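Novice: With the sequence up front, the predicted model follows.
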Amino acid sequence: MSFKQHSYDVRIINGFSNNSSLPLVVWCVSEDMGDIGGRALQERDDYGWTVKTGLFRSSSRFVCTTKWDGKRKKFEAFRASRDRYRCGARRQCLWQVKEDGFYFSNDGVHWIKDFPWV
């Protein structure tokens with residue numbers, strides 16, 4: 001286990017192709033920080049925060065609830081044990097929510113579908 005402190009950029013992006021009248025609602029909580037708030041994201045908007053991990057910072061898990069057009073999905077936006085390597089050398093943990101599911105990237109260019117809405 002490493003005690004070195006790291007900062008991660010966690011970002012959720014509204015990637016819908018045409019939903020200007022229906023925002024993507026995102027609300028996130030942390031195990032140790034509690035409710036960190038949320039946003040109603042219009043097309044291409046994003047909501048993000050910095051996670052610090054290490055000896056004196058234990059913010060290791062952030063769970064977000066997303067709502068859009070009658071759909072609702074709860075997911076782990078960040079989990080230190082999972083994302084330590086997955087978020088890459090730049091420590092970017094990017095999520096793009098689309099009509100067919102949730103996509104992950106650590107560079108904002110290459111997106112991989114992680115899971116569907118249902």
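Specialist: Now that the structure is in, tell me what you want to look at.
Novice: Next SSE downstream of the lowest-mean-pLDDT helix or strand in the chain?
Specialist: None of the helices or strands of the chain scores lower by mean pLDDT, DSSP states H and E than strand 34-41, at a mean of 88. Following strand 34-41 in sequence order, the next helix or strand is strand 46-53 (DSSP states H and E).
Novice: Now find how far off-centre the following helix or strand past that following strand is within its chain.
Specialist: Per DSSP H and E, the first helix or strand lying C-terminal to strand 46-53 is strand 61-68. Strand 61-68 sits 8 Å away from the centroid of its parent chain (CA atoms, centre = their mean, to the nearest Å).
Novice: what sits up against strand 61-68?
Specialist: 10, 12, 16, 19, 22-31, 36, 38, 49, 51, 72-80, 97 (CB atoms under 8 Å, 6 or more residues apart in numbering). The C-beta positions use only the backbone N, C-alpha and C, and glycine is treated the same way.
Novice: which of those count as buried?
Specialist: Those of these that meet the buried threshold are 10, 12, 16, 19, 22-30, 38, 49, 51, 73, 75, 77-80, 97, by 16 or more other CB atoms under 10 Å.
Novice: Restricted to strands, list those residues.
Specialist: Secondary structure from DSSP state E places 10, 12, 24-30, 38, 49, 51, 73, 75, 77-79, 97 of the buried ones among the contacts of strand 61-68 in strands.
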